[in-house]
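Asker: Kindly generate the corresponding structure for this input.
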Amino acid sequence: MRVLISAYAFNPSSSAHLHPGEDLFGWKMVEQISRRHQIWVITEAYNQDSVLEALSSLNRQNISIIFVQLPLNLRKIFYKVGIGQRIYYYIWQFLAWRKASRLHRKHHFDLAHHLTFGNYWIPSFIGAFLPIPFLWGPVGGGQKTPPPLMREFSLVGKISEYSRLAAQWISRQQFIWHRCLRRASLILVCNRETKQKIPLKYQVKVRYFPVNGIDSQLVKQELPKKKDRPPFVIMMAGRLHRLKGFSLGLRAFSDFVQTHPQSKLIVVGKGPERARLEKLANDLGIRSKVEFLPWLRREELLVKMKEIDVFLFPSFRDGGGAVVIEAMACGCPVIGLNVGGPGFHIEKDWGVKIEVGPSPVIVKEISEALEKLFEDTFYREKLGQAARQRVVEIYTWEKLGLKMEDLYRECLNQGKRIERQREDVVNHD
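Answerer: Next up is the predicted model:
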């Protein structure tokens with residue numbers, strides 16, 4: 001097929017400075033798609049240096065990259081605030097659609113695919129207006145902070161959460177959003193909450209597709225044998241942001257470490273919550289048991305994950321949760337809340353899902369889960385092995401590429417059916 005892909009985030013470097021999760025996902029999926037199809041990728045110009053440097057690893061015969069950027073270096077201005085990033089992206093999409101229209105007149109694409117950003121409530125201009133079969137996603141954004149956990153936020157944090165919900169509602173009232181839903185042949189979603197946000201009449205188009213993957217070479221590597229010795233090591237990793245729920249993890253570890261003083265918690269990442277989390281560890285009297293590490297390159301993080309016993313990720317509303325898949329690939333049982341991407345990835349056969357409730361209840365249940373995993377080595381190893389097998393079966397980039405191939409064909413067949421129906425209506429008239 002001749003496929004046009006809109007991938008604003010598309011960067012092999014996956015740095016911590018911009019959109020690390022979506023950058024890597026965009027790059028890896030394009031890498032898989034280009035093995036089977038002739039593709040044109042429209043992406044933001046911030047990716048240019050890294051993409052051009054890494055292009056040698058892709059099939060150059062099957063791929064063309066088009067960089068689009070707003071004039072006058074407006075990205076640096078808009079990116080100073082969160083809402084500015086969304087405004088910039090909205091304007092960028094208009095320019096990307098103009099470029100896509102010109103490319104379509106020249107190359108006659110079979111399919112358009114909006115790959116990144118994966119946000120269900122910001123419509124795709126290319127999908128809404130390019131007159132060819134359209135695949136949207138995978139998208140997220142339907143997840144929200146559960147009401148019992150809003151108490152964990154400061155006044156500023158609460159205002160930010162309610163502002164997000166208001167922005168989503170406003171966006172869903174737009175003509176272009178409804179047109180995008182109507183024109184999509186298929187809509188891919190990465191969690192249950194986002195599926196529920198798609199209007200009922202379009203639910204027949206919805207398919208689940210994760211926004212996280214792993215290199216197959218990683219899960220083929222033999223894991224180091226974990227010694228049955230102290231300390232018992234727990235890790236939390238990700239952006240140090242209020243939404244990650246790391247404060248709940250610290251409080252749960254504080255309860256757990258009272259009876260298991262040789263245990264250790266590693267917190268990896270950087271972000272605005274770093275100072276508050278360190279203060280909380282001091283206030284809880286566990287600062288000597290908690291090691292704070294800066295943001296690590298993915299390869300370094302994976303090395304650390306292979307040495308731990310349990311991965312803890314109590315995020316309030318992550319759409320995907322790449323670190324959950326990475327920890328599973330390293331043979332770690334994962335404890336997470338039953339919400340968003342982590343709630344979708346984790347099942348009882350390879351992890352522990354904590355139901356959402358008041359903060360003290362969640363803290364108690366996390367502590368109890370840690371206790372069970374500490375006491376029952378066989379259970380812990382069984383979950384870790386099952387987690388790793390789950391990744392092999394579902395989450396390698398090659399498996400995701402094959403799944404996307406099936407969806408492309410379904411999308412194209414769906415487009416052909418719609419076209420035949422239109423022709424039948426015209427002929428009947």
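
Asker: For Asp110, give its distance to Glu273.
Answerer: 46 Å (CB to CB, to the nearest Å). Where C-beta positions appear, they are placed from N, C-alpha and C, glycine not excepted.

Asker: Ok, Leu293 next?
Answerer: 15 Å.

Asker: Equivalent analysis for Tyr88, please.
Answerer: Applying CB to CB to Tyr88 and Glu273 gives a distance of 25 Å.

Asker: Could you do Thr145 as well?
Answerer: 15 Å.

Asker: Compare those two and say which is more crowded by neighbours.
Answerer: With neighbours defined as other CB atoms under 10 Å, Thr145 and Glu273 compare such that Thr145 has more, 24 against 18.

Asker: which phi and psi does the more buried one have?
Answerer: phi -60, psi 120 (degrees, to the nearest 10).

Asker: Pretty sure it sits against His241.
Answerer: No: shown here, Thr145 and His241 do not form a contact pair, counting by CB atoms under 8 Å, at 11.8 Å.

Asker: which ones are touching the residue positioned nearest the centre of the chain?
Answerer: The centroid of the chain falls nearest to Gly320 when counting by CA atoms, centre = their mean (3.3 Å). Gly320 is in contact with Gly21, Phe25, Gly140, Cys190, Asn191, Pro210, Val211, Asn212, Gly340, Gly341, counting by CB atoms under 8 Å, 6 or more residues apart in numbering.

Asker: which element is it on?
Answerer: Counting by DSSP states H and E, no helix or strand carries Gly320.

Asker: what bits of the stretch 1-150 of the chain have low per-residue confidence?
Answerer: 14-18, 57-59, 82 (pLDDT under 70).

Asker: Wait, a strand at Ser185?
Answerer: Yes: Ser185: assigned to a strand according to DSSP: H, G, I helix; E, B strand; the rest coil.

Asker: quick one: the helices in the stretch 1-150 of the chain?
Answerer: Counting by DSSP state H, counting those that start in this stretch, the stretch 1-150 of the chain has these helices, from start to end: 20-33, 48-54, 74-78, 82-107, 125-129.

Asker: do you know which of those helices lies nearest Leu4?
Answerer: helix 82-107 (5.8 Å; CB to CB).

Asker: May I see the buried residues of the closest one?
Answerer: Buried residues in helix 82-107, counted by 16 or more other CB atoms under 10 Å: 85-86, 88-89, 92-93, 95-97, 99-100, 103-104.

Asker: and what of stretch 349-356?
Answerer: Those would be Trp350, Gly351, Val352, Lys353, Ile354, Val356, for stretch 349-356 by 16+ other CB under 10 Å.

Asker: so is the last one in a helix, a strand, or just coil?
Answerer: This points to Val356. coil.

Asker: who are the neighbours in contact with it?
Answerer: So Val356 contacts Pro146, Pro148, Leu149, Leu337, Asn338, Val339, Ile362 (CB under 8 Å, 6+ apart).
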